[in-house]
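S.K.: task: produce atomic coordinates for the following.
(4 chains)
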Protein chains: 4
Amino acid sequence: MIGLFDRYAPLGAREALVRELENCGVDVVVGRECGGTSDREVVALVGSVSDEARSLLARSPHVARLYRVSGPWVRTARAFRSTRTVVRIGDASIGAGEPFVIAGPCSVESPGQIEECARIVVDAGAQALRGGAHKPRTHPYAFQGLGREGLRLLKRAGDSVGLPVVSEIMDASHARSFVHEGIDCLQIGARNMQNFTLLKAVAPTGLPVLLKRGISGTVEEWLCAAEYLAAHGCERVILCERGIRTYETALRNTLDLAVVPLLRRLTHLPVLVDPSHAVGRRDLVGPASRGAIAVGADGLVLEMHPRPEEARSDGPQALLPSELAACVAEANLLARVLPELEVPAPEGEAGLAARSMPRTDGPVLAG
Amino acid sequence: MIGLFDRYAPLGAREALVRELENCGVDVVVGRECGGTSDREVVALVGSVSDEARSLLARSPHVARLYRVSGPWVRTARAFRSTRTVVRIGDASIGAGEPFVIAGPCSVESPGQIEECARIVVDAGAQALRGGAHKPRTHPYAFQGLGREGLRLLKRAGDSVGLPVVSEIMDASHARSFVHEGIDCLQIGARNMQNFTLLKAVAPTGLPVLLKRGISGTVEEWLCAAEYLAAHGCERVILCERGIRTYETALRNTLDLAVVPLLRRLTHLPVLVDPSHAVGRRDLVGPASRGAIAVGADGLVLEMHPRPEEARSDGPQALLPSELAACVAEANLLARVLPELEVPAPEGEAGLAARSMPRTDGPVLAG
Amino acid sequence: MIGLFDRYAPLGAREALVRELENCGVDVVVGRECGGTSDREVVALVGSVSDEARSLLARSPHVARLYRVSGPWVRTARAFRSTRTVVRIGDASIGAGEPFVIAGPCSVESPGQIEECARIVVDAGAQALRGGAHKPRTHPYAFQGLGREGLRLLKRAGDSVGLPVVSEIMDASHARSFVHEGIDCLQIGARNMQNFTLLKAVAPTGLPVLLKRGISGTVEEWLCAAEYLAAHGCERVILCERGIRTYETALRNTLDLAVVPLLRRLTHLPVLVDPSHAVGRRDLVGPASRGAIAVGADGLVLEMHPRPEEARSDGPQALLPSELAACVAEANLLARVLPELEVPAPEGEAGLAARSMPRTDGPVLAG
Amino acid sequence: MIGLFDRYAPLGAREALVRELENCGVDVVVGRECGGTSDREVVALVGSVSDEARSLLARSPHVARLYRVSGPWVRTARAFRSTRTVVRIGDASIGAGEPFVIAGPCSVESPGQIEECARIVVDAGAQALRGGAHKPRTHPYAFQGLGREGLRLLKRAGDSVGLPVVSEIMDASHARSFVHEGIDCLQIGARNMQNFTLLKAVAPTGLPVLLKRGISGTVEEWLCAAEYLAAHGCERVILCERGIRTYETALRNTLDLAVVPLLRRLTHLPVLVDPSHAVGRRDLVGPASRGAIAVGADGLVLEMHPRPEEARSDGPQALLPSELAACVAEANLLARVLPELEVPAPEGEAGLAARSMPRTDGPVLAG
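M.R.: Next up is the predicted model:
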């Protein structure tokens, strides 16, 4: 349950309410409702909430509005902020209207390769460079990435073209080296979405986190993973749909595009789509990218390679330079011509007097 | 394996080759390669193909080009025609560039309801009216539809606004009554995609068939079901993606939009998308519809109701009249502004002299 | 909701209650609670049940016990009978303690083949002979079975060794010919579990029906399909688990053995397991059969072939004669040594005075 | 590819062959074929194997037998050892014939609780005590376990009844504290099956590892995870099936029992089954346990609690003390009466002269 303090509620009254709630044995989160013109405080109850606490919140004269959240996530719930979160990486922003494209090779392979990629990526009009240095490989004897040296090469290549860089972190003990090498955004891969140790370790770095959906992650689990990050201090979380595992084997994974507008109802966090891992073959990445922007994604994560047949991993899904440029251009075109997706504001927002408890963010889960 | 006869191959030589192939014990299909300006014959081998037959076809001087097909479907394979199939229903065409929208209520409930729906559907700019008369219901004691009377009401409502009508057929013995009532297009529902008895019964009616993907239908099974229709005389098949069953329960089904561009590589048949059954809730049908057109669907199947809360089935996913109109408008907008999706022609098409066997329609299955 | 009439309730009072309930607009089913020594009537409400009807039933002095059922199935719910249903086919009984084994080839291929199979099956100690005459084949150009001639050969082979015969029916219009040829039990295949037309057509034949679980059938859908049969007059339904479709491709399907004891809590119908289609390879059929009996299955459906490499369909999963005999022997051994599985009786059964509404058959679904 | 050296091959010749193979650029593993009476060396090629290396191995006069392995796992492949691996934990052995039962509460909650559990577990006849100290919880605000203090309590409780203890490790940095506290076996949970960082960290501890199958882990991924452990020095790996995620929601997960006999063909490692997490409800754990032993599992992992309704996590699936004792007794009974499952030895084993390359471990994957 989330309550929005009245804008005239005195500090003392707010603090008193929080103490009372804590005395009921519930955990309380106080946040700044920082969207729009307002600048009010939000008080949210997390974990199992007693009737007593619920009632305290509902009866307080200092709480202007109350929201019931539909799942066990709170800080990441849509009702926790009045506007969608915008995450800055480098000079560009995710969630601010323009599609944000992160592109690059699956793996950093050599200085020459990553520098060539960086130039292609910036020329195509993308906003960030990606490249794997630590690779999670199913097969123990497969190429596992260049490690820290890969991070260094990636950052240098990004700098040379003026792009921020994104790379996957697999090991909690590496957080410091990612920061030290100047990586601009940490990626949590699909296999690690529920690696809670890792989530807790990356949150305090202060870097934005690109959180991929697990290979068979549910929407609830995914938002809970984001909540782990938020609860440990990371508010700059970007969700990334990358296809889920289903019975269908015609493509590498099943791209779940309908989840994008669903997430816009459930959370204030921005959402990207990675069509490359979803479809697993070059010729379908373009159409899937169009679909992603059309359903409301805030951008794309795309794999590319100057010579896919030479790639050390995931070559079949890597876009050629010209295909990457076409993808970015189409994404920008689509975003320009499409009327903005209407996502209804959390119910009851309009009538400020009300103190009902609207079900704000959809029917997924009982509150 | 599909062979394209040389345009100057004499009739006698063509017939002789077919006889020779049949003498090898393989089943042979001869089709007209009717797309574009050419007007040549195609010879295709179906079922298990012996090396002897394969070699006969490959060595014939009258065969200008050879294609290996990637699955057990032949008449529906992309290489079987040089252009995509256009299916006419009423005055409009599916697959001709403009999005084709089939809209209507889940069930025909009463004369007044279906007539009101028909006016809303035509005003929204849709091309056909749908409505269920025989309803496949999981629960034996749920409303099962108005039956033949429902078909009659549907047709009358369609006529009153000048729209062709589409309705689901569940029973082979009903084929005649669907024809008699003037239903313009037969729908095979998801539960019946592999009801081979039904497929064989509807094919000879001469009506176009809207073939929904099974609840957990693979691409291969789906195209094989279309091939059943084609093999029994129905060439006017329209495929319809409607979401598949996966582990994720946040939405009713998982909408598999990436399958749309995949199908454009595997088959010449047009493809629609039904976002209503996929997402199961009204507020996500609009974004999902955008996504469908963006990935290359030839149109949409949409459920609507003037008063969804009164619907006898599937109310939560029914669009309101204004939402339906917005969906159609956005689909048309998208189709206009998007550059046409490039789907590479079957390989080798250009070089007419070649007699290699390109893998024409993608890597799904071994030929 | 199911109510058990008091054994001394006069006929007039029982009929009056049923009328009153029907006047509330609910559909009422009256059954004979025929298990055990009791011989009382059961009254069950089906479809959507109003509070008024619920209350009528709960307050009646003639109703000794009330059960809330956990799903939309009623006639097949465990609370509808006090004992498990025993289905007789030929001289043997399914659900009576001894494992019931139905074995035979995937397809009837020739008189010699099916007669040879019949002898092997009877020698192995199985209770019934199976064989497909109408084959549901994914690929339109694959062998589709011998049709009616196959039924005739199957029956003759069964007669020659004194075994009843089981065969799959795919087409509602064939029901009469199955009866005419003397088929002892009709199989509804996995692809047809929700072919409601077919379910309604086979129910009135009076023959027992072996209802396979759908390829991605949920427990709820499966029991509803059984309820369709029961609602149309067929009480001799046998459920058959045959593996479900999941992401895992290491085996043909994923055998869901835990569903067997779950079904014993939800329904009074007997349950068989078909390990052959589940695992798809001969060497694992034996261990899977052991598992099936151990979790409480009432028997097995096994595919065999004297020379699997010559089988026209599904050869890789067909057992050799000696393997079939070993499977049957192990099933019998297991059934003998294992203590009977304790399945708690529907709650409240013991205390006859109570009129509470225990949740009788598990937590799957809200009543 | 795996080659078995001739027992009379001189050391120098063996070393020379390995050097030659390494010069071809392949990675070579040399193992001791320690099963049975023989004591010969095995040479295995890992990663991508060139034709040159393959041919070197095949033509060597010192290699008595050659096996093609069916997947990318080598050290864990069945052909790598002539007998199944037996893993000792405490005084008992997994894989030696007797069912090995690991039982205990989901979480260590207090000194009193875990000591009470330990007594119940030893009285029931189980061989090891389990209890979670670090809990992977989907919800960030749920109870996360007692941490290191929990490990200490667990070990003390195990000692007090003479049982070895098993606990889940989630964090690579904890490996040392698990060793220090005397934990006898490390569990890798389902969410961490592909946490390669963790796998690499636990392998060098020298402790046996209980490797649970991932929530949607394929057989290939699972064996590759085991191979990661083996490649980093841990040969005492125990696999544990615990149900997979599928479309079916009637039970918590879908227990994949057929995977047990499949694994016996693919690997020499022992396999346990955890029915508690698979079915998620107490009343089905017993039948599922029977099934597990019947299909050939080497034992069980069972959750129990003296008062399940008070459990801090997973209470609904915890067995009562008497139920636990019954489970263990039934497992022992079954193991005694069932004829040993016949798992055919890797093909060609018998004929020592042959140098063909039999496909030893099943059709899952191309070699």
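S.K.: tell me which parts of the stretch 201-350 of chain A are close to chain D?
M.R.: Within the stretch 201-350 of chain A, the residues that sit near chain D (Cβ under 8 Å from any Cβ of the partner chain) are A:215, A:216, A:220, A:221, A:224, A:227, A:228, A:231, A:245. C-beta coordinates here come from the backbone N, C-alpha and C atoms, glycine included.
S.K.: ok, now with 7 Å
M.R.: Counting by Cβ under 7 Å from any Cβ of the partner chain, the stretch 201-350 of chain A comes close to chain D at A:215, A:216, A:221, A:224, A:227, A:228, A:231, A:245.
S.K.: what's near enough to touch the first one?
M.R.: Residues counted as contacts of residue A:215 (Cβ atoms under 7 Å, 6 or more residues apart in numbering or on different chains) are A:190, A:191, A:244, A:245, D:216.
S.K.: sec struct for it, please.
M.R.: At residue A:215 the chain is in coil, as set by DSSP: H, G, I helix; E, B strand; the rest coil.
S.K.: and it, how far is that from residue C:247?
M.R.: Per Cβ to Cβ, to the nearest Å, residue A:215 is found 9 Å from residue C:247.
S.K.: what do you get for the second one?
M.R.: As for residue A:216, its distance to residue C:247 is 7 Å (criterion: Cβ to Cβ).
S.K.: quick check: neighbours shared by the two?
M.R.: Counting by Cβ under 7 Å, 6+ apart, the residues touching both residue A:216 and residue C:247 are A:245, D:216.
S.K.: need the strands for the stretch 201-350 of chain A, in chain order.
M.R.: Under the criterion DSSP state E, counting those that start in this stretch, the stretch 201-350 of chain A contains strands at A:209-212, A:237-241, A:271-273, A:299-303.
S.K.: contacts for the third one, please.
M.R.: This means strand A:271-273. Taking Cβ under 7 Å, 6+ apart as the rule, strand A:271-273 contacts A:100, A:238-241, A:260, A:263, A:292, A:297-301.
S.K.: same thing with the last one?
M.R.: Applying Cβ under 7 Å, 6+ apart, the set of residues contacting strand A:299-303 from outside is A:94, A:99-103, A:105-106, A:130, A:240, A:272-276, A:285, A:289, A:292, A:314, A:317-319, A:324, A:327, A:331.
S.K.: measure stretch A:204-218 end to end?
M.R.: Terminal residues of stretch A:204-218 lie 25 Å apart, using Cα to Cα, to the nearest Å.
S.K.: residue contacts, residue A:13?
M.R.: Contacts of residue A:13 by Cβ under 7 Å, 6+ apart are residue A:62.
S.K.: helix or strand for it, just tell me which one.
M.R.: Element membership of residue A:13, judged by DSSP states H and E, is helix A:11-23.
S.K.: tell me the buried residues in that helix?
M.R.: A:14, A:17, A:21 (16 or more other Cβ atoms under 10 Å in any protein chain shown).
S.K.: try stretch A:274-282
M.R.: Across stretch A:274-282, burial judged by 16+ other Cβ under 10 Å covers A:274, A:275, A:276, A:277, A:278, A:279, A:280, A:281, A:282.
S.K.: what bridges to residue A:5?
M.R.: residue A:63 (DSSP bridges).
S.K.: now do the shared contacts for residue A:215 and residue C:247.
M.R.: A:245, D:216.
S.K.: mark which of the contacts of strand A:299-303 are part of helices, please.
M.R.: Taking DSSP state H as the definition of helices, the contacts of strand A:299-303 contribute A:275, A:276, A:285, A:289, A:292, A:324, A:327, A:331.
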